[in-house]
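> Got a predicted structure here, sequence first:
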Amino acid sequence: MVTREDIFKRLENVFDPEVPVLTVLDLGIVRDVLVTASEIQVTITPTYSGCPAMNTIEADIKKELNDLGSIKVLTLLSPAWTTDWMSEEGKLKLKEYGIAPPVEGGRGMFENPQVDCVRCGSKNTKMLAQFGSTACKAMYQCQDCFEPFDYFKCHR
């Protein structure tokens, strides 16, 4: 019989379609896995309500686990997802990909935190727009190297 650990191992193959270097485990959106004799149930929480990637993520989870039997994906909205649930490895992957990870101590998605440039490491950056390439990111620009970059906003 398949175990929870087997399912979690397989979920390492399910990536966020908007940030393809992050798995659903890196993001911390997988809340629970329940394995019974008749079904595998995966509970997920979206990064924010109405996230367009969640339908794709749900389909990708089912596709990855399909050969194991009946798969049910439940969406749980409460408690709301927080960037605190992201893995440290996921935050490092974000930075290596060119997206600044959430800043520790951030309090919400409409703040203007000090974010280090992902290209040159400068602290001399400024926010250009509250929303970047997706709603969960803001657009920043380095004032030293002048390169624009996305910042994955802190959600709490």
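That came in fine, so what should we check first? Numbers count the residues shown, from 1 in each chain.
> only C-alpha atoms for contact and neighbour calcs from this point on.
OK.
> now Lys93, what's its secondary structure?
Under DSSP: H, G, I helix; E, B strand; the rest coil, Lys93 falls in the helix class.
> So what does the nearest residue to it once chain neighbours are set aside have for phi and psi?
Once flanking residues are discounted, Lys93 sits nearest to Val21: 6.5 Å by CA to CA, 6 or more residues apart in numbering. Torsion angles at Val21 (phi, psi; degrees, to the nearest 10) stand at phi -90, psi -10.
> Which pLDDT value belongs to Val21?
The model reports Val21 with a pLDDT of 96.
> how many neighbours does it have?
14 (other CA atoms under 10 Å).
> Enumerate every residue touching it.
Shown in contact with Val21 (CA atoms under 8 Å, 6 or more residues apart in numbering): 15, 93-94, 97.
> Could you check how far Leu25 is from Ile44?
10 Å (CA to CA, to the nearest Å).
> same thing with Glu64?
For Glu64, the distance to Ile44 equals 15 Å [CA to CA].
> What is the nearest of the contacts of Val21 to Gln114?
Nearest to Gln114 among the contacts of Val21 is Leu94, at 16.9 Å by CA to CA.
> I'd guessed that closest one sits against Thr23; true?
No. Contact criterion CA atoms under 8 Å: Leu94 and Thr23 do not qualify, at 11.0 Å.
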